[in-house]
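Participant: no FASTA, just this:
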């Protein structure tokens, strides 16, 4: 035994000795008090034989039996208390095991998890189920409300985001996100971990750059988080625009499906939003944070993309752009006729960003100054000289096509039918124009809808485009859409006279006759059903009934 052990033993011995001494002293004091009480009673009634005899009887006959009964009742109460306490602990343990309830103090809400899905539950519903279970058990009826208070207190200590979702719940969320929102499960897990970090308020300096389309989707998730968990900052660090105050070190990239349907996403979030948030919080706990997930769990492709800005300097990005998208004549001391206007070069930069799925992480003036350091710049023409790009011809030819064939109408002064052209129709018209054009062109006319939208938004920002599909208040000299429909009316009337005896004909049938007319006359272009119905509403409104039917007597009236 060392000195410390001997010291501790001595201390414990002294403590026990002191305790025993205190108890003995208190006992002696009580004996003295009792003796004094009896002596005072005898002194009080010393002249009363009857009362003296009663004192003797009470002390010798009644007091021992009374104390014995009290001792028995006391032991019964202690045993009963111990039994109920044990039963209460067992009941609480079983109840909370069978019913997984959780709580969030920030919004004072209770939640239930059934092993597959999390739901918000009212406290009254929990109490009703709890009291019903106690009533069935019956053992704890006397402690019903005491047990209720105890269980509610324990549930309030069970923080929702400390719960661990079952595998079925996790896989359900991952299947929901992949491949609808993300191409791989690793990308989905990374996104969930980021959301979880925001719930736990981790990595508060990080910025996640996304497109405008994706931002609208994230806003829906933030709305669900606000309503279900009282958190209004679930997606606060997802940005659509880069700001130079954000160092690349803090910027992260997320690759998501930009064509995902907003309505489908809303339905998914409304039914599974709480599950997604709980899985996200779990992933943040499990992996530490989103950066640790990338470092320890992701594949190299995801790691390289997510941390592209973190691991790449502004100079490296510009160098990559120049190497892949610009061809320069570095040996030419004078102008050789090659040049790219800044507005065109800026468009090619946007093409570079799109092709690499990168956000615009550089201000246009910053990019322009970086390029000035690499290439000769002519201030007068706002052009970079002695350079060209293989991406230049397509949009140059498209702009020429637009300026020579497209007319724009001022919507505010327009009184007649407002024309529109669909983006896929513009692609077809451009290809048609390149084939018939007598000028020497640099492209074969093949252009994607995405590229058309990029060109229009960059070079013609005042053009009104809705749903990324319809270009409003424009017409093309190559195809008079309204006149096409008007020319088909005689054919349609003959078809109606021959095949329809009813008073009404549906829009679908009329459009099918128009389509038949186009095929019979080898028309190069056919207007969409949407445009056809829009034209009919404008020109035959007095003959339209039940929204989608036309009176067949319009044949006689037109």
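Facilitator: Now that the structure is in, tell me what you want to look at. The shown structure was predicted, so the numbers you read here are calculated from the model rather than taken from an experiment.
Participant: the residue nearest the centre of the chain and residue 231, how far apart?
Facilitator: The centroid of the chain falls nearest to residue 221 when counting by Cα atoms, centre = their mean (3.2 Å). Distance of residue 221 to residue 231, computed by Cβ to Cβ, to the nearest Å: 11 Å. Quick note: C-beta positions are derived from backbone N, CA and C, even for glycine.
Participant: so where's this structure shaky on pLDDT?
Facilitator: For the chain, the stretches flagged by pLDDT under 70 are 1-21, 23, 74-93, 96, 134-144, 147, 329-337, 411-417, 438-444, 555-558.
Participant: buried residues, stretch 491-498. List them.
Facilitator: 491, 492, 493, 495, 496 (16 or more other Cβ atoms under 10 Å).
Participant: hey, where'd the helices end up in the stretch 301-450 of the chain?
Facilitator: Using DSSP state H, counting those that start in this stretch, the helices of the stretch 301-450 of the chain run over 314-325, 342-355, 364-372, 392-405, 423-436, 449-459.
Participant: the inter-axis angle of the fourth one versus helix 342-355?
Facilitator: Angle, helix 392-405 to helix 342-355, by axes from the mean of the first three to the mean of the last three Cα atoms, to 10 degrees: 120 degrees.
Participant: could we number from 50 for the rest of this?
Facilitator: Happy to do that; since the first residue is 50 now, the last one works out to helix 441-454.
Participant: contacts for helix 441-454, please.
Facilitator: The contact list for helix 441-454, computed with Cβ atoms under 8 Å, 6 or more residues apart in numbering, reads 389, 393, 396-397, 478-479, 482-483, 488, 490-492, 494, 496, 500-501, 504, 508-509, 525-527.
Participant: chain center to that helix: distance?
Facilitator: Chain-centre distance of helix 441-454: 40 Å, with Cα atoms, centre = their mean, to the nearest Å.
Participant: name the residues of it that are buried.
Facilitator: Buried residues in helix 441-454, defined by neighbour count with 16+ other Cβ under 10 Å: 441, 443, 444, 445, 446, 447, 448, 450, 451, 454.
Participant: now tabulate the residues you listed in a markdown table and tack on distance to residue 144.
Facilitator: Shown next, in a markdown table, are these (distance: Cβ to Cβ, whole Å):
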| residue | distance to residue 144 |
| --- | --- |
| 441 | 72 |
| 443 | 69 |
| 444 | 68 |
| 445 | 74 |
| 446 | 74 |
| 447 | 70 |
| 448 | 72 |
| 450 | 73 |
| 451 | 71 |
| 454 | 75 |
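Participant: residues touching residue 432, list them.
Facilitator: Here residue 432 is in contact with 388, 389, 390, 391, 426 (Cβ under 8 Å, 6+ apart).
Participant: and residue 273, by the same measure?
Facilitator: Counted by Cβ under 8 Å, 6+ apart, residue 273 has contacts 318, 319, 322, 323, 326.
Participant: doesn't it lie inside a strand?
Facilitator: No - read with DSSP: H, G, I helix; E, B strand; the rest coil, residue 273 is helix and lies in no strand.
Participant: and it, how close does it get to residue 317?
Facilitator: Counting by Cβ to Cβ, the gap from residue 273 to residue 317 is 10 Å.
Participant: ditto for residue 566
Facilitator: Separation of residue 566 from residue 317 (Cβ to Cβ) stands at 43 Å.
Participant: just checking, the residue nearest to the centre of the chain touches residue 323?
Facilitator: No - using Cβ atoms under 8 Å, residue 270 makes no contact with residue 323, being 11.2 Å away.
Participant: any idea how the chain splits into domains?
Facilitator: 70-211, 216-339, 363-438, 442-525, 530-606 (automatic domain parsing).
Participant: can you add distance to residue 345 and give those back as JSON lines?
Facilitator: Formatted as JSON lines, these follow (distance: least, Cβ to Cβ, whole Å):
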{"stretch": "domain 70-211", "distance to residue 345": "21"}
{"stretch": "domain 216-339", "distance to residue 345": "7"}
{"stretch": "domain 363-438", "distance to residue 345": "24"}
{"stretch": "domain 442-525", "distance to residue 345": "36"}
{"stretch": "domain 530-606", "distance to residue 345": "51"}
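Participant: go through the ones you listed and name the closest to residue 348.
Facilitator: domain 216-339 (6.0 Å; Cβ to Cβ).
Participant: hang on, the earlier thing: what is the nearest of the contacts of residue 432 to residue 520?
Facilitator: residue 390 (24.0 Å).
Participant: excluding sequence neighbours, find me the nearest residue to the closest one.
Facilitator: Distances taken as Cβ to Cβ, 6 or more residues apart in numbering place residue 432 nearest to residue 390, at 4.8 Å, with adjacent residues excluded.
Participant: partners of the one you found in the sheet?
Facilitator: residue 390, residue 427 (DSSP bridges).
Participant: same for whatever helix or strand residue 321 lives in, what does it pack against?
Facilitator: Using DSSP states H and E, residue 321 sits within helix 311-336. On a contact count with 3 or more Cβ pairs under 8 Å, 6 or more residues apart in numbering; DSSP states H and E, helix 311-336 meets strand 167-170, helix 216-226, helix 234-249, helix 261-278, helix 339-345.
Participant: most packed of those?
Facilitator: helix 234-249 (a mean of 23; mean count of other Cβ atoms under 10 Å).
Participant: now do that helix: which elements does it pack against?
Facilitator: Contact here means 3+ Cβ pairs under 8 Å, 6+ apart; on that basis helix 234-249 packs against helix 216-226, helix 261-278, helix 311-336, helix 339-345, helix 349-355.
Participant: ok, and what's touching the last one?
Facilitator: This means helix 349-355. With Cβ under 8 Å, 6+ apart as the test, helix 349-355 has contacts from 233, 235-236, 239, 301-304, 343-344, 347, 360, 406.
Participant: ok, 7 Å please
Facilitator: With Cβ atoms under 7 Å, 6 or more residues apart in numbering as the test, helix 349-355 has contacts from 235, 236, 239, 301, 302, 304, 343.
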